[in-house]
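Enquirer: compute the structure for the input listed below.
(3 chains)
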Amino acid sequence: MPQFDPSVFSELLVWLALTFVALYLLMSKFALPKVAAIIDARAERIQGNLAKAEAIQAEAAGVMAAYEKAIADAKAAAQAEIAKAQAQIAADTAKREAEFAQRLGAQTQDAEARIKATKAEAVAQVKAIAADLAGSIAGKLTGAGVDAAAASAAVDQALKERA
Amino acid sequence: MAADAHSPLAQFEIKPLLELHPFGIDATFTNASLIMVVVVALITLFIVAGMNKATIVPGRFQGMVEFFYEFIANLLQENTGSAGRKFFPLVFSLFMFILACNLIGLFGVFTVTSHIIVTFALALLVITIVTAVGFIRHGAHFCSYFVPQGAPMWLMPLMIPLEIISYLIRPISLSVRLFANMVAGHVMLTVIGGFVVGLNGLLIGFGVIPLAAIPLIFALEVLVALLQAYVFAILTCIYLNDAIHLAH
Amino acid sequence: MELEAAKMIGAGIAALALGGAGVGLGNLFGNYMQGAFRNPEAQSKLKVNPMLAFALIEATGLFGFVIAMIILFG
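Expert: Model prediction:
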């Protein structure tokens, strides 16, 4: 097997040492720092972008809170307005109802008074007619004229007795 | 023992390309050296090309480079925690070197990692660094690593040599694992490739059967190439963690 | 020639180690499948460790392969 031939060992070792040391130096001094730099730059960039995104998110949350506050304020104002209007309407209604009730009461009283007057008038007329009728009936029955005043007094008397 | 041209082992032959003997050391530039240089160039080119126009949002090439970077970074982070961060270039270089050697080997040129001396040197490097880290961080206290906790006292004469042997055998198992996987895969591919010719000579058309098996075995070998690089890296991380945290 | 024959036999015996690796891999993937069937949601989380174990177990068998190669060609 050529691998176990000691005469090739020294040349292989020399060239291995040369090439491997060259590779190590190239990697450690030249190639790997480049890769490390770009990877670090990317990590930094990602970190920065994340921080920026977080800041923007916080800002958005603030805007959102302000918006919600404005909405709540508007709602409260609207509610107050509505309550005020409702109170106004209720007061108006109560006032109008009271007025109406008063007018109704007045009209009723008026009407009642008129009815009473009409009734009294009717009763007076009935009395007069009754006295008249009683006088004429008594005249026809007796043949003699009856005094209208006496007849009226008699009717009054009779009404009083009945009542 | 030199293998002949048709042996399954001929692919592991080292062919000198340029004789070099500086300071009396045999440093001949061979096909293995060529592949190692190509591997280093390819890895560097891969990262430089991927990072050439590096952007915050990665393109395909840059994404690939970053995938490898983060893969090894996560591996190291999971196994050693933040204390192992300074070994990241080492683990990354080891992983990329072994991965590139394994994968290039599959293209039939030459497999550097199929040479025991290469894998052994890499494993020895890892173990040396791990041991040095252990002694630098914990001083002589690192020797307590070889004393198993909770074992009864009378077992210590048995347990301590066992622990030391298992520690010393780590570079061997680490290197032989990679080496054997690579050799076995390549030998198997070559042997089955030989079956195609051999069975066709026996009966025309019969060679189709091993020919159909080759893509499957090749796919398995790609998996093994990736896995062995991963295993080498993860075991390096685990050994480093043992030395850093001394949790045993 | 007796040494050659003995080498061949020895290499064959050393290759038996791969049988152990086969048993180990069978155990590993059998148990992995069992776990995956019992808890399919965890399947993606369980994917990495079996692969690592596969590499480690396979290596054990391949140590025997290396011994065989050393005997034959070393």
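Enquirer: so which residues on chain B come close to chain C?
Expert: Proximity of chain B to chain C (Cβ under 8 Å from any Cβ of the partner chain) is limited to residues B:1, B:3, B:9, B:173, B:176-177, B:179-181, B:183-184, B:187, B:224, B:227-228, B:230-231, B:234. Bear in mind the C-beta positions are built from the backbone N, C-alpha and C, glycine included.
Enquirer: now, of these, which are buried?
Expert: Buried subset of these (neighbour count, 16 or more other Cβ atoms under 10 Å in any protein chain shown): B:9, B:173, B:176-177, B:179-181, B:183-184, B:187, B:224, B:227-228, B:230-231, B:234.
Enquirer: restrict those to those near chain A?
Expert: Contacts with chain A within those, counted by Cβ under 8 Å from any Cβ: B:9, B:179, B:183.
Enquirer: turn these into TSV, including distance to residue B:217.
Expert: Converted to TSV, those look like this (distance: Cβ to Cβ, whole Å):
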residue	distance to residue B:217
B:9	18
B:179	19
B:183	14
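Enquirer: so of these, which ones are in helices?
Expert: Mapping those onto helices (DSSP state H) picks out B:179, B:183.
Enquirer: any idea what sits nearest the residue in chain C that chain A sits nearest to, other than its immediate chain neighbours?
Expert: For chain C, the residue closest to chain A is residue C:73, as judged by Cβ to the nearest Cβ, at 4.1 Å. Spatially, and ignoring its direct neighbours in sequence, residue C:73 is nearest to residue A:1 (4.1 Å; Cβ to Cβ, 6 or more residues apart in numbering or on different chains).
Enquirer: can you check residue A:135 too?
Expert: What sits nearest to residue A:135 in space, not counting adjacent residues and going by Cβ to Cβ, 6+ apart, is residue A:151, at 3.6 Å.
Enquirer: any buried residues in the helix or strand hosting the one you found, and which?
Expert: Assigned by DSSP states H and E, residue A:151 belongs to helix A:148-162. For helix A:148-162, burial by neighbour count (16+ other Cβ under 10 Å) applies to A:151, A:152, A:154, A:155.
Enquirer: what does it contact?
Expert: By Cβ atoms under 8 Å, 6 or more residues apart in numbering or on different chains, the residues outside helix A:148-162 that reach it are A:127, A:128, A:130, A:131, A:132, A:134, A:135, A:138.
Enquirer: how many neighbours does the residue of chain A found nearest chain C have?
Expert: Nearest to chain C, among the residues of chain A, is residue A:1, at 4.1 Å (Cβ to the nearest Cβ). The number of residues packed near residue A:1 is 19, by other Cβ atoms under 10 Å in any protein chain shown.
Enquirer: give me the mean pLDDT for the helix holding residue A:151.
Expert: The average pLDDT for helix A:148-162 rounds to 79.
Enquirer: got a list of what residue 7 touches?
Expert: Assuming you mean chain A. Going by Cβ under 8 Å, 6+ apart, residue A:7 touches residue B:26.
Enquirer: was after chain C, sorry
Expert: Applying Cβ under 8 Å, 6+ apart to residue C:7 gives the contacts C:71, C:72.
Enquirer: and it, how far from residue C:72?
Expert: 6 Å (Cβ to Cβ, to the nearest Å).
Enquirer: what of residue B:235?
Expert: Distance of residue B:235 to residue C:72, given as Cβ to Cβ: 29 Å.
Enquirer: what number of residues lie near residue C:12?
Expert: Number of residues near residue C:12 (other Cβ under 10 Å) recorded here: 12.
Enquirer: chain B contacts on chain A?
Expert: Proximity of chain A to chain B (Cβ under 8 Å from any Cβ) is limited to residues A:1-5, A:7-17, A:19-20, A:22-24, A:26-28, A:30-32, A:34-39, A:41-42, A:45.
Enquirer: which ones among these are found in helices?
Expert: Counting by DSSP H, the residues of chain A next to chain B place A:9-17, A:19-20, A:22-24, A:32, A:34-39, A:41-42, A:45 in helices.
Enquirer: of those residues, just the buried ones, ChimeraX syntax please.
Expert: Under the burial definition 16+ other Cβ under 10 Å, those of those that qualify are selected in ChimeraX by:
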select /A:9,11,12,13,14,15,16,19,20,22,23,24,32,34,35,38,39,42
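Enquirer: overlap between the ones in helices among the residues of chain A next to chain B and the residues near chain C?
Expert: Okay, of these, nothing touches chain C (Cβ under 8 Å from any Cβ).
Enquirer: please, which helix or strand holds the spatially most central residue of chain A?
Expert: By Cα atoms, centre = their mean, chain A has its centre lying nearest to residue A:79, at 5.5 Å. With secondary structure defined by DSSP H and E, residue A:79 is part of helix A:32-142.
Enquirer: pretty sure residue A:15 contacts residue B:31?
Expert: No: using Cβ atoms under 8 Å, residue A:15 is not in contact with residue B:31; the gap is 10.6 Å.
Enquirer: quick one on the thing from earlier: so which of the contacts of helix A:148-162 comes closest to chain B?
Expert: Using Cβ to the nearest Cβ, residue A:127 is the member of those that lies nearest chain B, at 122.8 Å.
Enquirer: before we move on, the earlier item: now which of the contacts of helix A:148-162 would you call buried?
Expert: Here, 16+ other Cβ under 10 Å leaves A:130, A:131, A:134, A:135, A:138 buried among these.
Enquirer: residue A:75 and residue A:67: what is the separation?
Expert: Computed as Cβ to Cβ, the residue A:75 to residue A:67 distance reads 13 Å.
Enquirer: do the same with residue B:89
Expert: Counting by Cβ to Cβ, the gap from residue B:89 to residue A:67 is 56 Å.
Enquirer: so which of the residues of chain B next to chain C belong to strands?
Expert: Judged by DSSP state E, these include no members of strands.
Enquirer: can you tell me which of those residues are in helices?
Expert: Secondary structure from DSSP H places B:173, B:176-177, B:179-181, B:183-184, B:187, B:224, B:227-228, B:230-231, B:234 of these in helices.
Enquirer: what's the most distant pair in those?
Expert: Greatest spatial distance in these: B:187 and B:234, 25.8 Å, computed using Cβ to Cβ.
Enquirer: what ranges of chain C fall below the confidence cut-off?
Expert: C:1, C:46, C:74 (pLDDT under 70).
Enquirer: nearest the geometric middle of it, what residue?
Expert: Ranked by distance to the mean C-alpha position of chain C (Cα atoms, centre = their mean), the top residue is residue C:21 at 2.6 Å.
Enquirer: which residues of chain B score low on pLDDT?
Expert: By pLDDT under 70, the low-scoring segments of chain B are B:1-6, B:247-248.
Enquirer: at 50 instead, please
Expert: Within chain B, the ranges that satisfy pLDDT under 50 run B:1-3.
Enquirer: can you check chain A too?
Expert: Chain A contains no residues with pLDDT under 50.
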